[in-house]
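Participant: Build me a structure from this.
(one chain, ligands or ions: 1)
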Amino acid sequence: MLDNIRIVLVQTFHPGNIGASARAMKTMGLTRLTLVNPRCFPDAEATRLAAGASDVIEGARVVASLEEAVSDCVQVVGASARLRSLPLPHFDEPGEMARAAIANAEQGPVALVFGRERYGLTNDEIRHCTHQVSIPANPDYGILNLSQAVQVLAHEVHGAWRRQTGNTASTASPTQGPLPTQQQLAYFHEHLQRVMEGSGFINQPHARTSDHLHALFARAQPNRKELSLLRGLLSALEAHLDPPS
Ligand code: SAH
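Facilitator: Numbering: from 1, shown residues only. Prediction:
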């Protein structure tokens with residue numbers, strides 16, 4: 001199950017932080033590392049700070065966008081020290097996030113996404129997440145070093161996994177049936193967008209409305225069957241719309 005937990009580092013500036021994150025991961029049984037546009041990788045400093053986790057560094061996948069890093073995931077959790085304006089479901093307790101991640105990892109890959117050292121994740125990147133998590137810390141100075149944030153969340157995930165494997169009776173997933181991937185959810189949201197525009201509900205793309213709808217479906221966590229029911233409903237409605245002029 002830990003194989004289905006993926007750590008995603010977005011545009012890391014210091015290669016040493018990539019190495020230290022790999023070490024933090026391996027100590028907690030995590031090995032899947034994806035790097036989105038790292039400034040400098042592969043790099044000797046990354047390998048040096050990875051110490052005994054150089055295999056995690058060697059196996060790291062490098063991709064060009066966060067979308068590409070998470071499109072096959074059933075849950076995407078963005079780690080952020082600051083509360084954002086986006087209305088996504090938010091875990092205030094890393095332990096709760098970890099329990100959900102371990103349960104969802106039975107169905108497919110789950111990504112934990114970490115931002116840049118200087119300015120974290122952009123709002124556009126957070127839009128690719130289904131949830132956010134914050135590590136509660138000193139209100140006067142609560143921003144952890146990137147690899148230390150990876151360590152804290154990896155530790156929580158490892159703890160949730162240990163407790164769950166010790167108690168196999170509770171492995172049932174929170175939703176019934178397999179969860180959709182981010183790509184299937186993206187197709188659904190595109191479809192919803194078309195019907196909203198085609199029906200005149202909105203006249204043009206409206207970021208606020210689509211953020212709220214994304215948050216609503218992230219909270220509801222429809223399974224694949226429910227999502228295809230919604231797609232069917234949208235198609236039926238679409239058939240009654242006037243063709244675009
Ligand atoms: N200056 C950036 C913080 C960068 S720290 C900002 O203000 O957003 C690098 C990354 O570590 C963050 O993007 C986040 O993913 C993670 N991180 C640091 N402190 C955290 C905290 N308290 N809770 C959750 N994630 C945190």
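
Participant: tell me the domain boundaries of this protein?
Facilitator: Structural domains assigned to the chain are 2-165, 182-241, following automatic domain parsing.

Participant: Which parts of this protein are strands?
Facilitator: 5-10, 32-36, 61-63, 75-79, 90-91, 110-114, 131-133 (DSSP state E).

Participant: Just put the ones you listed in CSV and tack on mean neighbour count.
Facilitator: C-beta coordinates here come from the backbone N, C-alpha and C atoms, glycine included. Putting the strands of the chain into CSV (neighbours: other C-beta atoms under 10 Å) gives the following:
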stretch, mean neighbour count
strand 5-10, 25
strand 32-36, 22
strand 61-63, 14
strand 75-79, 27
strand 90-91, 18
strand 110-114, 27
strand 131-133, 23
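
Participant: Of all these, which one is nearest Gln182?
Facilitator: Comparing those against Gln182 with C-beta to C-beta, the closest turns out to be strand 75-79 (6.2 Å).

Participant: what is the rounded mean pLDDT of that closest one?
Facilitator: Per-residue pLDDT values over strand 75-79 give a mean of 97.

Participant: What pairs with it, parallel or antiparallel?
Facilitator: Strand pairing for strand 75-79, determined by DSSP bridges: strand 110-114 (parallel), strand 131-133 (parallel).

Participant: Give me the contacts around that strand.
Facilitator: Where contact means C-beta atoms under 8 Å, 6 or more residues apart in numbering, the residues beyond strand 75-79 that reach it are 70, 88, 91, 97, 100-101, 104, 110-115, 121, 125-126, 128-135, 149, 153, 179, 182.

Participant: Near the ligand, list only the ones from those residues.
Facilitator: When contact is defined as C-beta under 6 Å from any ligand atom, the contacts of strand 75-79 meet the ligand at 114-115, 121, 134-135, 149.

Participant: where in this protein is pLDDT low?
Facilitator: Applying pLDDT under 70 to the chain flags the ranges 84-85, 166-175, 244-245.

Participant: For the most centrally placed residue in the chain, list each beta-bridge partner.
Facilitator: For the chain, the residue lying nearest the average C-alpha position, counting by C-alpha atoms, centre = their mean, turns out to be Val76 (1.7 Å). Here Val76 sits in beta bridges with Ala111, as judged by DSSP bridges.

Participant: Could you measure from it over to the ligand?
Facilitator: The span separating Val76 from the ligand equals 13 Å under the rule C-beta to the nearest ligand atom, to the nearest Å.

Participant: Can you verify my assumption that Pro94 contacts His131?
Facilitator: No: checked against C-beta atoms under 8 Å, the pair Pro94 and His131 is beyond contact range at 11.7 Å.

Participant: need the residues of this protein near the ligand, please.
Facilitator: Contact residues (C-beta under 6 Å from any ligand atom) of the chain with the ligand: 79-82, 114-115, 117-121, 134-135, 137, 142-144, 146, 149.

Participant: Repeat the analysis, applying 5 Å as the threshold.
Facilitator: 79, 81, 114-115, 120, 134-135, 137, 142-144, 146, 149 (C-beta under 5 Å from any ligand atom).

Participant: Buried residues in the longest helix belonging to the chain, which are they?
Facilitator: Counting residues, the longest helix found in the chain (DSSP state H) is helix 146-165. Neighbour-count burial for helix 146-165, with 16 or more other C-beta atoms under 10 Å as criterion, is recorded at 146-147, 149-154, 156-161, 164.

Participant: now stretch 19-38
Facilitator: Within stretch 19-38, the residues scored as buried using 16+ other C-beta under 10 Å are 19-26, 28, 30-38.

Participant: List the ones among those residues that fall in helices.
Facilitator: For the buried residues of stretch 19-38, membership in helices holds for 19-26, with DSSP H as the criterion.
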